[in-house]
Every structure is written in structure tokens, then in C-alpha cells.
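Asker: Pasting the sequence and the predicted coordinates here, then a few questions.
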Amino acid sequence: MVGHIAFSPVTISDGSVGWFGLGPVSVVPEYQRRGIGSALIREGIERLKALGAQGCCLVGHREYYPRFGFKNVAGLSHAGVPAEVFFALSFGGRMPQGAVEFHEGFGAKG
Ligand SMILES: CC(C)(COP(=O)(O)OP(=O)(O)OC[C@H]1O[C@@H](n2cnc3c(N)ncnc32)[C@H](O)[C@@H]1OP(=O)(O)O)[C@@H](O)C(=O)NCCC(=O)NCCS
């Protein structure tokens, strides 16, 4: 295995449905910077669209995700995360507004 990506459903306080969170995504260090991470993200987005998803959001590096169309969206946030590292990509419909929560499996509860 040289890399992996995961998506999971998120909840949004405005009741929007069909949104997913991207992450984690990783590529084995020796294989980084060869386009594998980009391929995982692009293919993942296409598969989400094929499933009828409405959009995708994530917490991630500011330099990396805009190239895939992800944007910082005023009014869409994730608690405890600076606005500049929270990104969303709508697949054509409206952009949600409110607070996004990832699946509780991603929580860091002691
Ligand atoms: C982020 C990651 C998945 C990218 O995978 P990759 O196969 O190297 O990505 P690609 O080859 O498609 O793209 C390389 C680009 O990613 C950028 N990049 C890689 N790691 C980066 C980082 N930590 N911060 C900013 N940009 C990063 C590089 O600048 C490069 O851009 P360039 O082509 O303009 O130079 C990989 O670097 C990784 O596994 N990092 C450690 C885990 C991680 O941070 N995951 C993301 C949060 S869950």
C-alpha cells in the first residue's frame, strides 16, 4: 500500500444532507510528491459525486486543497478549527451555512 484516503458523513447545523468529510489522507513518505495524494482526492470526489453526495469538507493544509476547488466559506465552520484551514467544496448545489461536525469516531475524547 502506498497511500489511503477516507470519507465519512458529516452533520451540518443547518440540516444540509449529503455532505461528507475528507480525511485522513496519507501517502507513504517515499511515494509523496508523485501525484498520488492528488489522484486519491480527485478519484474520491468523483466517487462521492457518483453516489449523489452534495459536497465535501475538510480540515487541512492551506496550500494544498484549493487546487482541488476547496474554499474557505464564510459562515461554514468547524468548532475549534481556524477558519483558514477549514475547507468546503459544493458539488453544484447550495453551500451550507453553520457548524459542521465530523463523526464522533474522529473526536479526541480522553
Ligand atoms: C498531504 C499528502 C497526502 C499529499 O500526498 P502527495 O502524494 O505527496 O501529494 P501530490 O504528489 O499529489 O501533491 C504534492 C503537493 O502536495 C503538497 N504538500 C504535500 N505535503 C504538504 C504539506 N504538509 N503542506 C502543504 N503542502 C503539502 C506539496 O507542496 C506538493 O505541491 P507541489 O506539487 O505544488 O509542490 C502527503 O504529503 C502526506 O501523506 N502527508 C502526511 C499526512 C498528512 O499531512 N495528511 C493530510 C492531513 S490528514
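Answerer: Cool, got the structure.

Asker: Which one of the residues in this structure is closest to the ligand?
Answerer: Residue nearest to the ligand within the chain (CB to the nearest ligand atom): residue 37, separated by 2.3 Å. (Each C-beta comes from the backbone N, C-alpha and C, glycine too.)

Asker: What is the burial count for the nearest residue to that residue once chain neighbours are set aside?
Answerer: Distances taken as CB to CB, 6 or more residues apart in numbering place residue 27 nearest to residue 37, at 4.9 Å, with adjacent residues excluded. Residues near residue 27, counting by other CB atoms under 10 Å, number 20.

Asker: same thing with residue 55?
Answerer: Residue 55 has 25 neighbouring residues, counting by other CB under 10 Å.

Asker: How about the contacts made by it?
Answerer: Counting by CB atoms under 8 Å, 6 or more residues apart in numbering, residue 55 touches 18-20, 88-91, 93, 95-96.

Asker: Any idea which of these the model trusts least?
Answerer: Checking pLDDT across the contacts of residue 55, the minimum falls on residue 93 at 87.

Asker: I'd guess it is in a helix, am I close?
Answerer: No. Assigned with DSSP: H, G, I helix; E, B strand; the rest coil, residue 93 falls outside any helix and is coil.
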